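Asker: Could you look at this predicted model? Sequence included:
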Amino acid sequence: MPDKRIFHQELDHVRADIVRMAAMATEFIPRATEVLLTTDLHGAQLLIEADDVLDDMTLELEERCYQILALQQPVAIDLRGIITAIRLTSEIERSADLMVNVAKAARRLYGAEFEPRVRGLIEQMSEEATRLFKLAIDAYDDGNAGLAAALDDMDDRLDSLHKEFIQSIFESHHGTTLALQPAVQLALVGRYYERVGDHAVNIGHRVQYMVTGWMPEHAGAARAQARRQQADGEADAATATAEARDGDVPSLRLAPPPDGAEAGGG
Amino acid sequence: MSPAGSADGASAPAEGNGNGPGQHHEATTDPVPLRLQYSAELEQLRLQTEVMGVRVDENLERTRQVLLTGSVPLAVQAIAADDDIDAMNVSLTERCYDILARESPKAGDLRLVVSVIRVIAELERVGDLSLRVAKLAPDHALLRSSERTFDILCVMADEAVELFRAALRAWGDEDLVLAIELASGPRSMDLYYEQLTEALLRLSGPDAVPIALRTLIAGRALERIADHASLIGTRVRYLVTGDPNHLAAEVR
């Protein structure tokens, strides 16, 4: 029988390591932004090297989680804790990679001049992504399902900043202060920040599942079940019509999300 | 595909577990041997993941049609179908946790169960991303008004569908060669996305920004779908090889 005390120590270590890795990845965000805004090529290289350390930590932690799963036979919330850790490593690792992409973009943008508005928006997106990522990890560390759930709405701000950013690149490009290639690179950079926000939201979802056993897909599953029950009822009464079935789907869900797509873009 | 529970996964169910399967089956007179039942359960898990993948694929195909035609009824159908995909995700996740808690799988079996948990998350995400594109149905005329960028979007949709299907094949057949090919990350989508951005920036006129914002949503979603197909490849690679260096799919 596995020793529960040792197991809980191991679990605590895993949590501490996740938080440590997340802190590193969070720190990447302002660093990458600084590299981009000052075209600091040496800084870009340092960030790429720091990511190698994070990669190694990810591998080591994930392997350790598998060993714990195999040897300790956790159940219930402990089991969810380990699986959540495995999944969080991916979210953290991918977020760090996105910031490495920003640093690499700095190389391609070498010599390009940004308008103050474009610079300002990059800084704001960076701050917002950093804030979201920190909050997501706080939610994990504290097991705070409420905070985890709130990340969905908080991400809206980053989405609208991103929209504003794209617009500013357009204006800057058409005002001929920004050439086509740098404009393309900048548009790609905006997407990286937006995706870090998506990862923070994903972390929020995983934390909710870890703490409460609830996952966002439960909502869709409940709708699917309601529809099946209604369809069964209608079949029994032999009154089912195609219009009724179509009517089940709330048409407002089709409202286009042109500016802030729903959370969880991965 | 090796039968689940065979080879390196030949572990006995957990002993000493108060409510473990052993006790349950002694109390009842279930004639099915425990190992067999457990193996069948793992096989079911693998197959159900495939079924979920097929549902996502159907929705992805709907999405492609919505992109081409702007059909709102088809978009509505896709939105409803995504609820079924969510239901499969919930049910499969719960089954995985149940098996982990009840059977404490080892080696290959453990890899399978954890791989299922991760692959269904990728499938679910692909489903969500295809909805992002489907939900642009009311903006079809706007998307289409820029011929060049619309063409690139359609090519990206074809590519996304193709890569996703390759990922499903890699999972279903445990095809290591295909998995490695996917995991190495086909870069075509990145290039398309860059071309798309470039073409959008060349647009001018009052509709340029609205067209760009909507086109970029579709383009990003399609590019992300390809990325998730690549991640499925990395999960399959780890499932097949068991090499710890293949654990963290993202570390390339």
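Answerer: Happy to help now that I have it. Numbers count the residues shown, from 1 in each chain, chains lettered A, B, ... in the order given.

Asker: which one is the residue in chain B positioned nearest to chain A nearest to, not counting chain neighbours?
Answerer: Distances between chain B and chain A by Cβ to the nearest Cβ are smallest at B:Asp86, namely 3.0 Å. Where you see a C-beta, it was placed from the backbone N, CA and C, and this is true even at glycine. Closest residue in space to B:Asp86, ignoring its immediate chain neighbours: A:Gly220 at 3.0 Å, by Cβ to Cβ, 6 or more residues apart in numbering or on different chains.

Asker: try A:Ala44
Answerer: A:Ala44 sits nearest to A:Ala103 (Cβ to Cβ, 6+ apart), 4.1 Å away.

Asker: shouldn't the one you found be in contact with A:Pro30?
Answerer: No. At 11.9 Å, A:Ala103 and A:Pro30 do not qualify as touching, with contact defined as Cβ atoms under 8 Å.

Asker: Name the residue in the two with the higher neighbour count.
Answerer: Shown here are A:Ala103 and A:Pro30; by other Cβ atoms under 10 Å in any protein chain shown, A:Ala103 has more neighbours (25 against 15).

Asker: what about the residue of the stretch 101-250 of chain A found nearest chain B, neighbour count?
Answerer: Of all residues in the stretch 101-250 of chain A, A:Gly220 sits closest to chain B, at 3.0 Å by Cβ to the nearest Cβ. A:Gly220: 24 surrounding residues under other Cβ under 10 Å.

Asker: How about B:Asp227?
Answerer: 22.

Asker: Does it belong to a helix, a strand or coil?
Answerer: Under DSSP: H, G, I helix; E, B strand; the rest coil, B:Asp227 falls in the helix class.

Asker: is the host helix or strand of A:Leu188 anywhere near chain B?
Answerer: Assigned by DSSP states H and E, A:Leu188 belongs to helix A:180-212. Yes. Helix A:180-212 comes into contact with chain B (Cβ under 8 Å from any Cβ of the partner chain), by way of A:180-181, A:183-184, A:187-188, A:191.

Asker: now the residues you listed in CSV, with neighbour count and pLDDT?
Answerer: What follows is the residues of helix A:180-212 next to chain B, written out as CSV (neighbours: other Cβ atoms under 10 Å in any protein chain shown; pLDDT from 0 to 100):
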residue, neighbour count, pLDDT
A:Leu180, 12, 90
A:Gln181, 14, 91
A:Ala183, 23, 93
A:Val184, 23, 93
A:Ala187, 24, 93
A:Leu188, 17, 93
A:Arg191, 22, 95
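
Asker: With distance to B:Leu68 added, can I get those residues in JSON lines?
Answerer: JSON lines is the format used below for those (distance: Cβ to Cβ, whole Å):
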{"residue": "A:Leu180", "distance to B:Leu68": "29"}
{"residue": "A:Gln181", "distance to B:Leu68": "31"}
{"residue": "A:Ala183", "distance to B:Leu68": "29"}
{"residue": "A:Val184", "distance to B:Leu68": "26"}
{"residue": "A:Ala187", "distance to B:Leu68": "25"}
{"residue": "A:Leu188", "distance to B:Leu68": "26"}
{"residue": "A:Arg191", "distance to B:Leu68": "24"}
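
Asker: Widest-spaced pair of these?
Answerer: Across the residues of helix A:180-212 next to chain B, the longest distance by Cβ to Cβ is 17.2 Å; it joins A:Leu180 and A:Arg191.

Asker: May I see the buried residues of the helix or strand where B:Val66 lies?
Answerer: Using DSSP H and E, B:Val66 sits in helix B:34-69. Judged by neighbour count using 16 or more other Cβ atoms under 10 Å in any protein chain shown, the buried positions of helix B:34-69 are B:34, B:38-39, B:41-42, B:45-46, B:48-49, B:52-53, B:55-57, B:59-67.

Asker: follow-up on the earlier one: distance between the helix holding A:Leu188 and the chain's centre?
Answerer: What separates the centre of helix A:180-212 from the centre of its chain is 5 Å, taken as Cα atoms, centre = their mean, to the nearest Å.

Asker: Quick one: list the elements packing against that helix.
Answerer: Using 3 or more Cβ pairs under 8 Å, 6 or more residues apart in numbering or on different chains; DSSP states H and E as the contact criterion, the elements in contact with helix A:180-212 are helix A:4-38, helix A:76-108, helix A:116-142, helix A:145-174, helix B:188-201.

Asker: go with 10 Å
Answerer: helix A:4-38, helix A:76-108, helix A:116-142, helix A:145-174, helix A:217-237, helix B:107-134, helix B:188-201, helix B:208-241 (3 or more Cβ pairs under 10 Å, 6 or more residues apart in numbering or on different chains; DSSP states H and E).

Asker: what angle do it and helix B:208-241 make?
Answerer: Relative orientation of helix A:180-212 versus helix B:208-241 (axes from the mean of the first three to the mean of the last three Cα atoms, to 10 degrees): 60 degrees.
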